[in-house]
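Q: sequence first, predicted coordinates after that:
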Amino acid sequence: MDQLEMKKQAAQAALKYVEAGSIVGVGSGSTVNCFIEALGAMADQIKGAVAASKESERRLLALGIDVFNANEVSGLDIYVDGADEINPQKMMIKGGGAALTREKIVSSLAKKFICIVDSTKQVDVLGSTFPLPVEVIPMARSYVARKLVGLGGQPEYREGVVTDNGNVILDVHHFKLMQPIEMEKTLNNIAGVVTNGIFALRRADIVIVGSTQGVQILA
Ligand SMILES: O=C(CO)[C@H](O)[C@H](O)COP(=O)(O)O
């Protein structure tokens, strides 16, 4: 079974958490694209969605699902999103698709964060395989990069990428995140950082893992 099939399995399994008449928080990325595709079958049963990226919004609208602005809802029951890495404590690195800030906002609105991943995303220590994305106001890029070096990382400017918020991304290599909560707070305190891709303060509640052995649910 290839990675896409594992993503599809996890995405399909997330449908059982979608309540009729609800507004669903929807993240972004290729696993979420599988979820959006599956959600299309429930388009007439749900009230709509709040999307964490313009690309997800476009895909939802194409399936006839209404998309609400985050300011139009007071809360969400569930938020469904993928991850670049997830550890046994259900903390994640996200932002491979540069949507980390909106993902953090929409997930914060939700009672339950349901993370859908294939088994290749599971790690013991965050930062083991994936560089940490940090969204930065463009004029602060060099300053923030120097601060990240000071913290032991090796930042790399993601050339040609502008986020949905008009900012840039620095991908930080060689950051082993032994204390994710502390590092999430430390990075967010650097002037010019909009947010960083550590999701430890708001971690997942339920993880659905697609694998060659089938779907595993970690609740
Ligand atoms: O955080 C994200 C986008 O900013 C994605 O959830 C993450 O990159 C996982 O993507 P994929 O499902 O394509 O592997």
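A: That came through fine.

Q: contacting residues around residue 4?
A: By Cβ atoms under 8 Å, 6 or more residues apart in numbering, the residues touching residue 4 are 30, 34. All C-beta spots, glycine's among them, are computed from the backbone N, C-alpha and C.

Q: tell me which stretches of the chain form strands.
A: 23-26, 48-51, 67-68, 76-81, 85-86, 92-93, 110-118, 132-136, 154-157, 168-173, 193-196, 198-199, 206-211, 214-218 (DSSP state E).

Q: could I get those as TSV with mean neighbour count, distance to the ligand and mean pLDDT?
A: Compiled in TSV, the strands of the chain are given as follows (neighbours: other Cβ atoms under 10 Å; distance: least, Cβ to the nearest ligand atom, whole Å; pLDDT from 0 to 100):
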stretch	mean neighbour count	distance to the ligand	mean pLDDT
strand 23-26	27	11	98
strand 48-51	25	12	98
strand 67-68	16	17	98
strand 76-81	24	5	97
strand 85-86	24	9	98
strand 92-93	30	8	98
strand 110-118	23	7	98
strand 132-136	28	7	98
strand 154-157	16	16	97
strand 168-173	21	10	98
strand 193-196	23	11	98
strand 198-199	30	9	98
strand 206-211	22	11	97
strand 214-218	14	16	96
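
Q: dump those into CSV; add distance to residue 8 as well.
A: As requested, those are exported to CSV (distance: least, Cβ to Cβ, whole Å):
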stretch, distance to residue 8
strand 23-26, 16
strand 48-51, 19
strand 67-68, 23
strand 76-81, 14
strand 85-86, 18
strand 92-93, 20
strand 110-118, 9
strand 132-136, 25
strand 154-157, 31
strand 168-173, 27
strand 193-196, 29
strand 198-199, 23
strand 206-211, 7
strand 214-218, 10
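
Q: can you tell me which of those comes nearest to residue 183?
A: Nearest to residue 183, of all these, is strand 198-199, at 6.1 Å by Cβ to Cβ.

Q: list the contacts for residue 60?
A: Residues near residue 60 by Cβ under 8 Å, 6+ apart: 26, 36, 39, 49, 51, 67.

Q: on the pLDDT front, check it for me.
A: Predicted confidence (pLDDT) for residue 60: 98.

Q: from residue 42, how far out is it?
A: Using Cβ to Cβ, to the nearest Å, residue 60 is found at 12 Å from residue 42.
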